[in-house]
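Asks: sequence plus predicted model, see below.
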Amino acid sequence: MSPETDAGLPADPDLPGRVPDALRAELIAFRRDLHMHPELGHQEFRTTAALMARLEQAGLQPQVLSVGTGLMCDIGTDAGGWDGVQPLLALRADIDGLPIPDTKTVSYRSTVPDRAHACGHDVHTTVVLGAGLVLAELAREGRLPHPVRLIFQPAEEVLPGGAPDAIESGVLDGVGRIVGLHCDPKVEVGRIGLRTGPITSACDRLEVALDGPGGHTARPHLTTDLVTAAAKVATEVPALINRRIDSRSGLAVTWGRIQAGHACNVIPQHAELSGTVRCLDLPAWRAAPDLVHAAIDEVATLHRAKSQINYIRGVPPVVNEPGSTALLRDAMAVRRGPEHIEDTEQSLGGEDFSWYLEQVPGAMARLGVRPVGDTTRRDLHCGDFDVDEGAIQVGVELFTAAAVLGGHRP
């Protein structure tokens, strides 16, 4: 099949890599244990140890990444037919949680105060673990046509993400293609969303400090009116940028915090703003720091304020490569049928999976986690976020099918 092939494949009940009932129950229990014990980026020691123990129990040889948390583990590289040159297919999961409280009333609610798996990383981790266990059995039976690497990456939620550290640890050495998935509460369980090209946005962080001589509110003409200057930066900088770049790039500055002053009759000497810069387009993202700096300086100077700008690079957009997207499409089609695939829109969220795609071709799918018939609106990064755990089996079978098919794709 060519990389552009549409998923016109019929479901194949004989395709190897199904999830046995016992493993399905084990994976749900594993996910719930992770959910109860979330760990922040670069602190995922318990999660790493749990993964290490289960992979070693399966006869595999996982390696802890050089940063101290996270793992990589190869499957099928010790097979007699592997020449050491054939590129690996990598399956990636992120393992960290978020610094927010878990507000659900469930038996597996987080036991760690102000920590929660509110982005589905516990599901991503369990899916890659489950796929690894299934593929390890196929490798023992001589039915795995393509060597696979499991990547359990730490610190996805910490800008600029843990992916650069994982790459530095060698997770992409020998990898020819990488695939991942992300929970999507808008997509019904049993389905995945796919898109060729950009599927997430770039996301950077912006911090601005404004300074000037303060004074009495009765005499603003003798001062630098920092409250007005901060307000103008907040409102005029986004508008300026919108007129200096192609609007199709989706470059947007959005402020999340503005702070100035302590008394109603005192013009302050210091003001601060912080927010995010998001962008749909990779070339525009690369141009964004210079554009943002120039716009802030221009507005601040007009109001006689001195500006200090801290522009913190985050992540570029995830841009799904056509051949890798087609692999995921074909994998879902042969596993469950093409009717379980839907087109998805580009999200304004950021994902450090993008750093891998700067190095090798790959793609990310959106994994449906919304219970069938559930109309409740839930979103990622909220304390009540949860999933239909049937999604775990769907993710495992998607990845196992991709690994089996991947051995026959260019």
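Replies: The structure has been received and is ready for your questions.
Asks: what's opposite A365 in the beta bridge?
Replies: According to DSSP bridges, the partner residues bridging A365 are L181.
Asks: show the contacting residues for G162.
Replies: Contacts for G162 (Cβ atoms under 8 Å, 6 or more residues apart in numbering) come out as 41-42, 67, 70, 94, 96, 153-156, 352. For glycine as for every other residue, the C-beta is placed from the backbone atoms N, C-alpha and C.
Asks: now it: closest residue in space, sequence neighbours ignored.
Replies: Nearest in space to G162, with sequence neighbours left out and distances taken as Cβ to Cβ, 6 or more residues apart in numbering, is A155 at 3.1 Å.
Asks: related to what we said a few turns ago, mind putting the contacts of G162 into TSV with distance to I245 and secondary structure?
Replies: TSV is the format used below for the contacts of G162 (distance: Cβ to Cβ, whole Å; DSSP: H, G, I helix; E, B strand; the rest coil):
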residue	distance to I245	secondary structure
G41	31	coil
H42	34	coil
V67	36	coil
G70	36	coil
D94	31	strand
D96	33	coil
Q153	32	strand
P154	34	coil
A155	31	coil
E156	28	coil
D352	24	coil
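Asks: one step back: correct me, but the residue nearest to G162 touches G41?
Replies: Yes. Under the criterion of Cβ atoms under 8 Å, A155 makes contact with G41 at 3.2 Å.
Asks: and for the two, which residues touch both?
Replies: Looking at what touches both A155 and G41 (by Cβ under 8 Å, 6+ apart), the common residues are 96, 162.
Asks: any chance you could map the strands in the stretch 1-150 of the chain?
Replies: Under the criterion DSSP state E, counting those that start in this stretch, the stretch 1-150 of the chain contains strands at 63-64, 71-75, 88-94, 148-153.
Asks: can you map out the helices along the stretch 301-410 of the chain?
Replies: Listed from the start of the chain, the stretch 301-410 of the chain has helices (DSSP state H, counting those that start in this stretch) covering 322-336, 354-357, 390-406.
Asks: average pLDDT across the last one?
Replies: This means helix 390-406. Over the span of helix 390-406, the pLDDT mean works out to 96.
Asks: which other helices and strands contact that helix?
Replies: helix 21-36, strand 88-94, helix 121-140, strand 175-188, helix 322-336, strand 362-370 (3 or more Cβ pairs under 8 Å, 6 or more residues apart in numbering; DSSP states H and E).
Asks: roughly how far does the closest residue to G368 other than its chain neighbours sit from T344?
Replies: Nearest residue to G368, sequence neighbours excluded (Cβ to Cβ, 6+ apart): V187, at 3.4 Å. Counting by Cβ to Cβ, to the nearest Å, the gap between V187 and T344 amounts to 7 Å.
Asks: check C183 too.
Replies: Applying Cβ to Cβ, one obtains 13 Å for the distance of C183 from T344.
Asks: who touches both of the two?
Replies: Counting by Cβ under 8 Å, 6+ apart, the shared contacts of C183 and T344 are R366.
Asks: between these two, tell me which one has more neighbours.
Replies: Neighbour totals were compared for C183 and T344, and C183 leads with 24 against 16 (other Cβ atoms under 10 Å).
Asks: next, show the common contact partners of V187 and T344.
Replies: 193, 366.
Asks: find the centremost residue of the chain, please.
Replies: What sits nearest the mean C-alpha location of the chain, by Cα atoms, centre = their mean, is E351, with 3.3 Å.
Asks: residue contacts, the residue nearest to that residue when sequence neighbours are not counted?
Replies: For E351, the nearest residue in space outside its immediate sequence neighbours is T200; the separation is 4.6 Å by Cβ to Cβ, 6+ apart. Contact analysis of T200 by Cβ under 8 Å, 6+ apart lists 317-318, 346-351, 353-354, 364.
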